[in-house]
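S.K.: no FASTA, just this:
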């Protein structure tokens, strides 16, 4: 059995596919991953023994470009990404039994179109629920396309969101589909999501409250145990004193990164703590060479976060989940996209603080650190850590292979895969919400 996993985006879009690929291989499937040609992605997949097919331009180069993209750049970039999907994924998916599409919406639309052309069953996956229409919340606005401030009805806003997505990505998608002999897509967002998308997040951190018109399969977060040892120099630094505070912004291009690094280090020092600074795509670095700071590059976050006093980060889904599983209090300084949502979840669960806005000052970050480093927050974070599941990739792999087998039996080749809902993600509506703060220690700050 052969499966192709396709994505385009940051590390947070690639890492979950590593976990799913490893689990699928453990069940006997042959797997390859289509992803941006960035060296860190290639090394991560190679280390897991998973073949990678490079697709499109470097995600890091696009993300960290000196000049931020303008609204007019989005359709052009989307056209580039979609064309790359059609070119690379078509060859990679030939003869496969299923395709899993995720990543930025135009990339997923291109990959799903390839599956449609080749007659391969497919499934659409998201690693955060904010792209899934729900009457309970508004959609995210695309840069340069704000929603009218007078419109407050969420259903109307989701209709406007669909129109924005069509305006941004529809022409490029349908141009490529026409070249493949495929009919045009009327609504890009609904085409990508389908009737039964998969949500690869943890139900405790990211509870899906079912709307009546979308059947979501929440598998749990896709992750693997990371067995890589921490560098000896980092271990020595950790062993030399009290647990430090980690500061890192992952794949985000933090504007004014030198100032952000300086502010973060000063605020942590003011709390009497040492600092571990992660360079990330922003190239963060301390402003001095004092011995209370240690700078890291690519490192095992699962191991590191278990040894720090708190994690200051951008609020990516992967970093938020890893810190939560480690029981580390968090300070989320959201930069873009879904990150304010994850900041809000951290604050709502009482496992850390949500910073107001993307640019911290000494005063604002000091206040957030005061909350995160409080004993009540640590107790709450420890309690939540015991509730976060780690078997989502296994669940998803078993669901996928089961759906492929059932699909083959029905001979319904070019369709969206329809697995049964995993039993552990169903919810009794009469039961207390697992995120109710009274279910956990009440001493949280």
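M.R.: Okay, I see it. Just so it is clear, the structure is predicted and the values come from calculations on it, not from any experiment.
S.K.: going forward, measure contacts and count neighbours with C-alpha atoms only.
M.R.: Noted.
S.K.: got a pLDDT number for residue 408?
M.R.: Model confidence at residue 408, expressed as pLDDT, equals 73.
S.K.: Quick check: phi and psi on it?
M.R.: phi -60, psi -40 (degrees, to the nearest 10).
S.K.: How many neighbouring residues does it have?
M.R.: For residue 408, the tally of surrounding residues (other CA atoms under 10 Å) stands at 13.
S.K.: Can you show me the strands along the stretch 151-300 of the chain?
M.R.: Per DSSP state E, counting those that start in this stretch, the stretch 151-300 of the chain has strands spanning 198-199, 217-218, 245-247, 275-278, 293-296. These are given in chain order.
S.K.: Can you name every helix or strand that the first one contacts?
M.R.: To tie it back to what came earlier, the one meant is strand 198-199. Where contact means 3 or more CA pairs under 8 Å, 6 or more residues apart in numbering; DSSP states H and E, strand 198-199 is packed against strand 122-126, strand 217-218.
S.K.: Now render those strands as a markdown table, adding mean neighbour count and distance to residue 355.
M.R.: Listed next are those as a markdown table, based on neighbours: other CA atoms under 10 Å; distance: least, CA to CA, whole Å:
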| stretch | mean neighbour count | distance to residue 355 |
| --- | --- | --- |
| strand 122-126 | 25 | 25 |
| strand 217-218 | 25 | 28 |
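S.K.: Now distance to residue 163 too, for the ones you listed, in TSV please.
M.R.: As requested, those are exported to TSV (distance: least, CA to CA, whole Å):
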stretch	distance to residue 163
strand 122-126	20
strand 217-218	26
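S.K.: Domain map for the protein?
M.R.: Residue ranges of the domains in the chain are recorded as 2-223+390-425, 232-385, according to automatic domain parsing.
S.K.: and among those, the most buried is which?
M.R.: Looking across these with neighbours counted as mean count of other CA atoms under 10 Å, the highest average goes to domain 232-385: a mean of 21.
S.K.: Sketch out the low-pLDDT regions of the protein for me.
M.R.: Flagging of the chain using pLDDT under 70 yields the residue ranges 64-69, 71, 210-212, 251-258, 410-414, 418-445.
S.K.: Please name the residues that touch residue 50.
M.R.: Residues near residue 50 by CA atoms under 8 Å, 6 or more residues apart in numbering: 18, 21, 22, 31, 32, 33.
S.K.: what helix or strand is the second one on?
M.R.: Spelled out, it's residue 21. helix 11-26 (DSSP states H and E).
S.K.: Leaving out sequence neighbours, find the closest residue to residue 75.
M.R.: Nearest-residue entry for residue 75: residue 168, 5.0 Å, with adjacent residues in sequence omitted and distances by CA to CA, 6 or more residues apart in numbering.
S.K.: any idea how far the one you found is from residue 48?
M.R.: Distance from residue 168 to residue 48, counting by CA to CA, to the nearest Å: 36 Å.
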